[in-house]
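A.B. asks: Would you be able to build a 3D model of this:
(one chain, ligands or ions: 2)
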Amino acid sequence: MSTITTDATMVEFLHLNNHHSRPFLSTQNCYSNPTFSHLRRRRPFQKTSLSHFVSPPKPLLVVLPLSVATHALLSPAATLSQDVGAAAFALGGGYGLVSAFDYLTDRNIISKKLSRKLVHIFSGLLFVASWPLFSTSSEARYFASLAPLANCLRLVVYGLSLATDEGLIKSVTREGKPEELLTGPLYYVLTLAVCAIVFWRESPVGLLSLAMMCGGDGVADIMGRKFGHVKLPYNQKKSWAGSISMFAFGFLISIGMLYYYSALGYFQLDWNITTIRVAVVCFIATIVESLPTTEIIDDNISVPLVTLLTAYICFQL
Ligand SMILES: C/C(=C\COP(=O)(O)O)CCC[C@H](C)CCC[C@H](C)CCCC(C)C
Ligand SMILES: Nc1ccn([C@@H]2O[C@H](COP(=O)(O)OP(=O)(O)O)[C@@H](O)[C@H]2O)c(=O)n1
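C.D. replies: Ligands and ions are numbered 1, 2, ... in the order given. Here you go, the predicted structure:
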């Protein structure tokens, strides 16, 4: 079945009413489930174990007000092409982002420290933002994970000095040592892959984990180095400015990411309770990041892990 849309009005009509046209929508209505009815707003939802409050996914194509938007049940070949293209975009985008910051660093347009943090912030957030480009097939999440997994391989190869990539080492290491690639950067891309595969677009948990690891922790570093004169009483390596920035920017980026996915139809969240939940998650993640545990466990593991656990609990309550 396919419906060719001819204008934004029709696309909006499909968006608001396409539960009639969605072949895979469960007729189960969450209102019948009192536990989660407060999470939903308007439309019947597909009930699954973790995504009990998530509307069935829509490919980006369905909700974009495109003049020639096609709302069609894509053929397997078209779905494969869409996922391969999106994976190639993510892979190329990651390589291009690192190369761009290497260019800026080489020409002393930005400092090496700032370059690394901006790569830390933007590569993960742009990766998550690219997820709606993938199809609604069950394999889409694995195609999406190809970009971080390919970078895992890249980091291991260059981290073990089996080959060399000066641009990569300059852009993502603190001291320019190849073995540094096997710590923070490797944990970072592994976290991206795990969130894509395990949580994907079906739950706020993965989105919040990456928003805090990429956005919150990244901004904490930048603001903490610049304005962090007053150190935390229990950790002289971290500052109030860094931690407050992590909470504030982590919260804003998290809400922004949930709103982005909500606007695309993946979530219908009760924003009153969601705002409180996100604030609690960001606060706890900020506390954990501020602890003097960097020598024991890398922030790229501790921050997403505590965010994931806290978000999973908060969004079940
Ligand atoms: C600098 C990075 C991690 C170090 O973290 P920390 O030690 O400062 O805490 C980030 C490493 C990024 C990686 C080399 C490239 C990742 C690309 C990503 C998987 C795909 C991005 C796609 C998007 C569309 C640009
Ligand atoms: N909460 C925080 C986090 C970082 N920072 C500053 O940012 C620097 C790097 O932070 P970090 O060790 O967490 O760096 P990454 O492990 O995130 O790369 C710290 O040495 C502080 O100068 C801060 O002042 N307060």
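A.B. asks: What average pLDDT does the helix or strand containing V303 get?
C.D. replies: In this assignment (DSSP states H and E), V303 forms part of helix 299-314. Mean pLDDT, computed over helix 299-314, is 97.
A.B. asks: what does it rub up against?
C.D. replies: Residues from elsewhere that reach helix 299-314 (CB atoms under 8 Å, 6 or more residues apart in numbering): 184, 187-188, 191, 195, 199, 204-206, 208-210, 212-213, 216-217, 277, 280-282, 284-285, 288-289, 293. Backbone N, C-alpha and C define where each C-beta goes, glycine included.
A.B. asks: These in strands, which ones?
C.D. replies: Using DSSP state E, no member of these falls within strands.
A.B. asks: all helices of the protein, in order?
C.D. replies: In the chain, the segments counted as helices under DSSP state H are 8-17, 34-37, 60-63, 76-106, 112-129, 140-159, 166-172, 184-198, 204-210, 217-227, 240-263, 271-290, 299-314.
A.B. asks: ranking those by burial, who's on top?
C.D. replies: Most buried of the helices of the chain by mean neighbour count (mean count of other CB atoms under 10 Å) is helix 204-210; its value is a mean of 28.
A.B. asks: That one near ligand 1 anywhere?
C.D. replies: No: judged by CB under 6 Å from any ligand atom, helix 204-210 stays clear of ligand 1, getting no closer than 10.6 Å.
A.B. asks: Also stretch 137-154?
C.D. replies: Yes: Stretch 137-154 comes into contact with ligand 1 (CB under 6 Å from any ligand atom), by way of A147, P148, N151.
A.B. asks: and if you look at stretch 160-180?
C.D. replies: Yes: contact between stretch 160-180 and ligand 1, assessed by CB under 6 Å from any ligand atom, occurs at V172.
A.B. asks: Numbering from 880 from now on, please.
C.D. replies: Happy to do that; since the first residue is 880 now, the last one works out to stretch 1039-1059.
A.B. asks: Roughly how far does F968 sit from ligand 1?
C.D. replies: 7 Å (CB to the nearest ligand atom, to the nearest Å).
A.B. asks: I am assuming that residue contacts S1009, so please confirm or correct that.
C.D. replies: Yes: the pair F968 / S1009 is scored as a contact, 6.6 Å apart, by CB atoms under 8 Å.
A.B. asks: Contact residues of the stretch 930-1079 of the chain facing ligand 1?
C.D. replies: Counting by CB under 6 Å from any ligand atom, the positions of the stretch 930-1079 of the chain adjacent to ligand 1 are 969, 972-973, 976-977, 995, 998-999, 1002, 1005-1006, 1009, 1026-1027, 1030, 1051, 1063-1064, 1067-1068, 1071.
A.B. asks: please redo it, this time with the cut-off set to 5 Å
C.D. replies: Residues of the stretch 930-1079 of the chain lying near ligand 1 by CB under 5 Å from any ligand atom: 969, 972-973, 976, 995, 998-999, 1002, 1005-1006, 1009, 1026-1027, 1030, 1051, 1063-1064, 1067.
A.B. asks: Could you tell me which ranges of the chain sit under the pLDDT cut-off?
C.D. replies: Filtered on pLDDT under 70, the chain yields the residue ranges 880-952.
A.B. asks: Domain-wise, how is it divided?
C.D. replies: For the chain, automatic domain parsing gives the domain ranges 956-1077, 1080-1196.
A.B. asks: Longest strand of the chain, counting residues only.
C.D. replies: Ranked by number of residues, the top strand in the chain under DSSP E is strand 1114-1118.
A.B. asks: For that strand, enumerate the helices and strands it packs against.
C.D. replies: With contacts defined as 3 or more CB pairs under 8 Å, 6 or more residues apart in numbering; DSSP states H and E, the packing partners of strand 1114-1118 are helix 1096-1106, strand 1110-1111, helix 1150-1169.
A.B. asks: on that earlier part again, so can I have a markdown table of the helices of the chain showing distance to Y1113?
C.D. replies: As requested, the helices of the chain are exported to a markdown table (distance: least, CB to CB, whole Å):
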| stretch | distance to Y1113 |
| --- | --- |
| helix 887-896 | 49 |
| helix 913-916 | 38 |
| helix 939-942 | 45 |
| helix 955-985 | 33 |
| helix 991-1008 | 24 |
| helix 1019-1038 | 32 |
| helix 1045-1051 | 29 |
| helix 1063-1077 | 23 |
| helix 1083-1089 | 24 |
| helix 1096-1106 | 15 |
| helix 1119-1142 | 11 |
| helix 1150-1169 | 8 |
| helix 1178-1193 | 16 |
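A.B. asks: Centre-most residue in the protein?
C.D. replies: By CA atoms, centre = their mean, the chain has its centre lying nearest to V1007, at 3.4 Å.
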